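Asks: Predicted coordinates and the sequence they were generated for:
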Amino acid sequence: MTNFPDIASIRKDFPILNEVINGKQLVYFDNAATTQKPSIVLDALSGYYEHYNANIHRGIHHLAEKATAAFEDSRKRLQAFINAPSAEQVIFTYGTTDSINLVAQTYGRKFLKEGDEIIISTMEHHSNIVPWQMLCEENGCILRVIPINEEGELLMDEYEKMLSEKTKFVSIVHVSNSLGTINPVAEIIEKAHRVGAKVLLDGAQASSHLKVDVQALDVDFYAFSLHKIYGPTGMGILYGKKELLEAMPPYRGGGEMIKEVTFEKTTYNELPYKFEAGTPNIADVIAAKYAIDYVDMLGKPNIAKHENDLLLYATDAVRDIPGLRIIGQAKEKVSVLSFVIDGMHHQDIAVILDNQGIAVRTGHHCTQPLMNRLGILGTTRASFAVYNTIEEIDGLIKGLHKAKKMLG
């Protein structure tokens, strides 16, 4: 790890931050939706297409061999990033949603039966609700939901009451995208394993903020997306324990996931290729390595401290805005600041901020059941990343005062 550079130096690594929006320099506070990409990632994408664009694994010419080596090097890099026991346990998918669907439609279909219980939580993203609802409709499983308190924290006593011999699967978000809450996942996993249940963690938000060690957690499945870690879109990871991945049927059929095909019978390939049918997202997989390299160069603890400093500053600053209420005040949270302002619609707030070049996210954030629980339609969400600054937050506060004045 190198010394953490000054923020001005970091900002130079992200070309998009030079964009001018409505006559104002871009202020990007929509990092929970997707982070911006450093030049090292953009160069890796263009470098593949310009210098060694070829399909992988099946070619023996120079370009194919170079592309294959770069592709598999990314797998090893991501193995190290989450401390997976082996590279073959790192499955490339199209994102967190795809990874969760893979588990629901393979492990779920094969091993979960009528009457089995699946536990999720009130704060789940739709991508960790709908696949399990679909599975329950298909095979008669029962979906149970952990409630939360007013601060946006799981009621762990209620979770423990839910656990029984009927509990076969627990699928929980590691960090809430709407609230920023960091869930006590080690405890969740340990208690689920006591009753023999398997656990999947949705790491879409956690992977960019927290150290992830799948072996230390003893988690059965871990899913995340690279586009939230300064990497490309359309590229995700599913980690699974080897014995579970080997026992699961393939998710999609086609090239690469086979050993031998006849019209009478097909035998399937070994891990990880059994789950990677067809031509993969080669360029983005290759570029993902450079995103992880960038994060490691800065150091996750350094990034986390900077982001937390921004969150604390912003949390204190918005308290001066009359009628503003922060949504999600867990004791442990990442750099997500969601709020509502009395008498103002969140979309109107966002339009006024956008006119000043400030990008925030509004709405239910794909967590409609959570919004229903909180009794609101949605929030305005400002989420911070390594390239954001105190001065940008000052601009946000000024913009909110302007919105308050305009909308009354």
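Replies: Nice, I can see it.
Asks: Number of residues surrounding K402?
Replies: As a burial measure, K402 scores 14 neighbours (other CB atoms under 10 Å). Placement of C-beta: from N, CA and C, glycine included.
Asks: Specify the local secondary structure of it.
Replies: helix (DSSP: H, G, I helix; E, B strand; the rest coil).
Asks: my guess is it contacts V351, does it?
Replies: No. Assessed by CB atoms under 8 Å, K402 is found out of contact with V351, at 11.7 Å.
Asks: After the worst-scoring helix or strand of the chain on mean pLDDT, which helix or strand is next?
Replies: Within the chain, no helix or strand scores below strand 258-261, which has a mean of 72 by mean pLDDT, DSSP states H and E. Proceeding N to C from strand 258-261, the next assigned helix or strand is strand 266-268, under DSSP states H and E.
Asks: Pairing partners for that following strand, with directions?
Replies: Strand 266-268 has its sheet partners listed here by DSSP bridges as strand 258-261 (antiparallel).
Asks: Give me the residues contacting the partner strand.
Replies: Under the criterion CB atoms under 8 Å, 6 or more residues apart in numbering, residues 266-270 lie in contact with strand 258-261.
Asks: And it, how far out from the chain middle?
Replies: 33 Å (CA atoms, centre = their mean, to the nearest Å).
Asks: For the stretch 251-400 of the chain, which segments count as strands?
Replies: Using DSSP state E, counting those that start in this stretch, the strands assigned to the stretch 251-400 of the chain run over residues 258-261, 266-268, 324-327, 336-341, 358-359, 361-363, 379-383.
Asks: show me where pLDDT drops low in this structure?
Replies: For the chain, the stretches with pLDDT under 70 are 1-3, 255, 258, 408.
Asks: Domains of it: list them as residue ranges, please.
Replies: The chain breaks down into these structural domains: 7-30+299-407, 43-296 (assignment by automatic domain parsing).
Asks: In a markdown table: these, plus distance to Q36.
Replies: Shown next, in a markdown table, are the domains of the chain (distance: least, CB to CB, whole Å):
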| stretch | distance to Q36 |
| --- | --- |
| domain 7-30+299-407 | 5 |
| domain 43-296 | 7 |
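Asks: Mean neighbour count, these: which tops it?
Replies: Compared across these, domain 43-296 shows the largest average neighbour count, a mean of 19 (mean count of other CB atoms under 10 Å).
Asks: What's the end-to-end length of it?
Replies: 18 Å (CA to CA, to the nearest Å).
Asks: circling back: and the least confident helix or strand of the chain, C-alpha only, in PDB?
Replies: Extracted C-alpha coordinates of strand 258-261, given in PDB (Å, rounded to 0.1, in the frame of the first residue of the first chain):
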ATOM      1  CA  ILE A 258     -19.700 -28.300 -21.600                       C
ATOM      2  CA  LYS A 259     -17.100 -31.100 -21.700                       C
ATOM      3  CA  GLU A 260     -18.800 -33.100 -24.400                       C
ATOM      4  CA  VAL A 261     -22.100 -32.800 -26.300                       C
END
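Asks: how much space between K168 and E270?
Replies: 27 Å (CB to CB, to the nearest Å).
Asks: next helix or strand past the strand or helix carrying A80?
Replies: For A80, the element it lies in under DSSP H and E is helix 62-82. Note on helix 62-82: by DSSP H and E, the next helix or strand toward the C-terminus is strand 90-93.
Asks: other SSEs contacting that following strand?
Replies: The contact analysis (3 or more CB pairs under 8 Å, 6 or more residues apart in numbering; DSSP states H and E) places strand 90-93 against helix 62-82, helix 96-103, strand 236-240.
Asks: hang on, isn't E256 packed against K274?
Replies: No. If you go by CB under 8 Å, E256 and K274 don't touch, sitting 9.0 Å apart.
Asks: that older thread, could I get the contacts of strand 258-261 in TSV, plus columns for distance to T380?
Replies: Listed next are those as TSV, based on distance: CB to CB, whole Å:
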residue	distance to T380
T266	51
T267	53
Y268	47
N269	47
E270	48
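Asks: Of these, which is the nearest to V20?
Replies: N269 (49.2 Å; CB to CB).
Asks: and the helix holding A80 with strand 236-240, angle?
Replies: 60 degrees (axes from the mean of the first three to the mean of the last three CA atoms, to 10 degrees).
Asks: what packs against helix 62-82?
Replies: By 3+ CB pairs under 8 Å, 6+ apart, helix 62-82 packs against strand 90-93, strand 236-240, helix 282-298.
Asks: Pull the residues that contact the helix or strand following the second one.
Replies: Scanning forward in sequence from strand 236-240 by DSSP H and E, the next helix or strand is helix 242-247. Contacts with helix 242-247, where a contact means CB under 8 Å, 6+ apart, come from 85-86, 88-89, 91, 107, 110-111, 198, 220-221, 271-272, 274-275.
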